[in-house]
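Student: Return atomic coordinates for the entry below.
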Amino acid sequence: MAEPTDASLSASLRGLDRDGRWLFALRTIRMFGYGFLAVVLVLYLAASGLDPLAIGAVLTLTLVGDTIVSLWLTTHADRLGRRRVLIAGSLLVVIAGVVFSLTDLLPLLILAGIVGVISPTGNEVGPFLAIEQASLTQVVSARRRTATFAWYNVAGYVATATGALIAGLLSQALISAGWHEVDAYRAVVVVYAAIGLVMAVLATRLSPDIEVPGAEARPDDGIARRLGLGQSRSVVLRLSALFSLDAFAGGFIPQSLMAYWFALHFGVSPATLGAIFFAANLLAAVSSLSAARIAARIGLIETMVFTHLPSNVLLILVPLMPTLPLAVLMLLLRFTLSQMDVPTRQSYVMAVVQPDERSAAAGVTGIARTIGAAISPSFSSVLVATAATAALPFYLAGGLKIVYDILIYRDFRKVRPEEETAS
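Tutor: Numbers count the residues shown, from 1 in each chain. Got it, this is the predicted structure:
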């Protein structure tokens, strides 16, 4: 196994070239925008006069549209040009923000949500994540890839939290200054559109070094270019199936439902819930930085599995705790481990696929996770609300995630990235 010195966290940042710094800037401003909008989006739609059913339709169809657009763009990015697709995606952010700020007509909002890029949850949507991962892999050394991805994820966590905080403060300040609620929230949406323009400008600064050499000239041989995948299709589809299982398991107890369980079971106040999950996410962000150092010593697959397994056991233990402090302790311990597999998973996918299929691979595996995570909450929301079954989502999530860990270790422990096989 390679020595960890080349993968050190400080070296990974110092070693970023011009393209790497622009990619980090693009990630940071985008996640700031997603967090900025998500905190007021539903409030804005409600203040605009939409009823709950209409708001639900907008949010659902927005996510469906984002998924479809993202799949097409990411699976074609390596051929169309990564920089071009990043610019196009940024302009879709602008379109969505402009339309949402100008109209309250439901058909137009739905159309803008489907075609444009809007993040109702504050999480990643659009083609950006997959293409940026592929581009970073192109411009950083293999030994620094995992550490770079760790910092890349931390930048996103911090930017999202900052955006949400500033949007809340801005909205409250405008309302206190005498603005109508709908106008205060509309100001946030206008800023979101402006952030899309900034993203487009940042994307234009990227150099041809992020592109796959000769990708545009390479003919579509019709043999194995489904979903933009060729030689890597088998491994990507196998990984996608396993990642979908992991996301399906996680969907049984997302943070919103976990907070709901704490409120029902222990009577926790919203302010306390906010403090608990702020601490949990801070621990997750910090702990993800440890993933690179561990992976350099024991390997990517081993880090994914050996940190994920105990976190899933801790998840199962949460509802078994008799008191709130013990339940919170199990939760926080779980968050110190649960996100270590994120940068290692991203790095592993980039390492085991062909260079000209990295955007497509990240896109397909990301969409698989999105689909898996979208199914289970409809079941768990009912289970959590019933006293007799309230703990069941924890057991299902933890148990299925353990099954995922066993399966991915069994199937991929011998599929090694090149840097782990080099002597």
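Student: CA atoms for contacts and neighbours, from now on please.
Tutor: OK.
Student: thought Leu45 was touching Ile55?
Tutor: Yes - using CA atoms under 8 Å, Leu45 makes contact with Ile55 at a distance of 6.6 Å.
Student: so the residue positioned nearest the centre of the chain, which of the three states?
Tutor: Residue closest to the mean C-alpha point of the chain, counted by CA atoms, centre = their mean, is Glu124 at 4.4 Å. What DSSP: H, G, I helix; E, B strand; the rest coil gives for Glu124 is coil.
Student: Same check on Trp179?
Tutor: Put simply, Trp179 is coil when judged by three-state DSSP.
Student: Now it, what are its backbone angles?
Tutor: The phi/psi pair for Trp179 (degrees, to the nearest 10) reads phi -70, psi 150.
Student: Pull out the buried positions in stretch 312-330.
Tutor: Across stretch 312-330, burial judged by 16 or more other CA atoms under 10 Å covers 312-319, 324, 327-328, 330.
Student: Packing partners of the host helix or strand of Val286?
Tutor: Secondary structure from DSSP states H and E places Val286 in helix 270-288. Counting contacts by 3 or more CA pairs under 8 Å, 6 or more residues apart in numbering; DSSP states H and E, helix 270-288 packs against helix 142-176, helix 255-266, helix 324-338, helix 341-352.
Student: Can you name the residues in contact with the second one?
Tutor: Applying CA atoms under 8 Å, 6 or more residues apart in numbering, the set of residues contacting helix 255-266 from outside is 268-270, 273, 277, 324, 381, 384-385, 390.
Student: and that helix, average pLDDT?
Tutor: For helix 255-266, the mean pLDDT works out to 84.
Student: Using CSV, list the CA coordinates for it.
Tutor: Extracted in CSV, the C-alpha atoms of helix 255-266 (Å, rounded to 0.1, in the frame of the first residue of the first chain):
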residue,chain,number,x,y,z
GLN,A,255,-32.1,13.7,8.6
SER,A,256,-35.6,15.2,8.4
LEU,A,257,-37.2,11.9,9.5
MET,A,258,-34.5,11.4,12.1
ALA,A,259,-35.3,14.8,13.6
TYR,A,260,-39.0,13.9,13.5
TRP,A,261,-38.3,10.7,15.4
PHE,A,262,-36.4,12.6,18.1
ALA,A,263,-39.2,15.1,18.4
LEU,A,264,-41.9,12.4,18.8
HIS,A,265,-39.9,10.0,21.0
PHE,A,266,-38.1,12.4,23.3
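Student: can you give me the angle that helix makes with helix 324-338?
Tutor: If you take axes from the mean of the first three to the mean of the last three CA atoms, to 10 degrees, helix 255-266 sits at 160 degrees to helix 324-338.
Student: Ok, which of the helices and strands packed on helix 270-288 comes nearest Leu41?
Tutor: With CA to CA as the measure, helix 142-176 is the member of the helices and strands packed on helix 270-288 nearest Leu41 (10.4 Å).
Student: If you count contacts, what does that closest one end up packed against?
Tutor: On a contact count with 3+ CA pairs under 8 Å, 6+ apart, helix 142-176 meets helix 9-14, helix 18-38, helix 128-139, helix 181-204, helix 270-288, helix 290-298, helix 341-352.
Student: List the buried residues of that helix.
Tutor: Quick answer for helix 142-176 (16+ other CA under 10 Å): 142-164, 166-168, 170-171, 174-175.
Student: Could you tell me the average pLDDT over stretch 136-145, please?
Tutor: On average, stretch 136-145 scores 87.
Student: oh, I was asking about stretch 349-367
Tutor: The average pLDDT for stretch 349-367 rounds to 90.
Student: End to end on that stretch, go ahead and measure it.
Tutor: Start and end residues of stretch 349-367 are separated by 14 Å (CA to CA, to the nearest Å).
Student: mind checking how far it is from the chain centre?
Tutor: In terms of CA atoms, centre = their mean, to the nearest Å, the centre of stretch 349-367 is set 15 Å apart from its chain centre.
Student: list the contacts for the nearest residue to Leu317 once chain neighbours are set aside?
Tutor: In space, and not counting its chain neighbours, Leu317 is closest to Met330: 6.8 Å by CA to CA, 6 or more residues apart in numbering. Counting by CA under 8 Å, 6+ apart, Met330 makes contact with 314-315, 317-318.
Student: repeat that with 10 Å
Tutor: Residues in contact with Met330 (CA atoms under 10 Å, 6 or more residues apart in numbering) are 311, 313-321, 324.
Student: Which members of those residues occur in helices, if any?
Tutor: Mapping the contacts of Met330 onto helices (DSSP state H) picks out 311, 313-317, 324.
Student: quick check, nearest of those to Arg358?
Tutor: In terms of CA to CA, no member of the ones in helices among the contacts of Met330 lies closer to Arg358 than Ser311, at 28.7 Å.
Student: Make sure that closest one is actually in contact with Ala397.
Tutor: No - using CA atoms under 10 Å, Ser311 is not in contact with Ala397, being 11.2 Å away.
Student: just to revisit the earlier point, buried members of the contacts of helix 255-266 into ChimeraX, please.
Tutor: Entered in ChimeraX, the line below selects the buried ones among those, by 16+ other CA under 10 Å:
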select :268,273,277,324,381,384,385,390
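Student: what's the most distant pair in the contacts of helix 255-266?
Tutor: Taking CA to CA, no two of the contacts of helix 255-266 sit farther apart than Leu324 and Ser381, at 21.0 Å.
Student: and the residue in the chain sticking out farthest from the centre, how far is that from Val212?
Tutor: In the chain, Gly178 marks the outermost C-alpha relative to the chain mean, sitting 36.5 Å out by CA atoms, centre = their mean. Distance of Gly178 to Val212, given as CA to CA: 53 Å.
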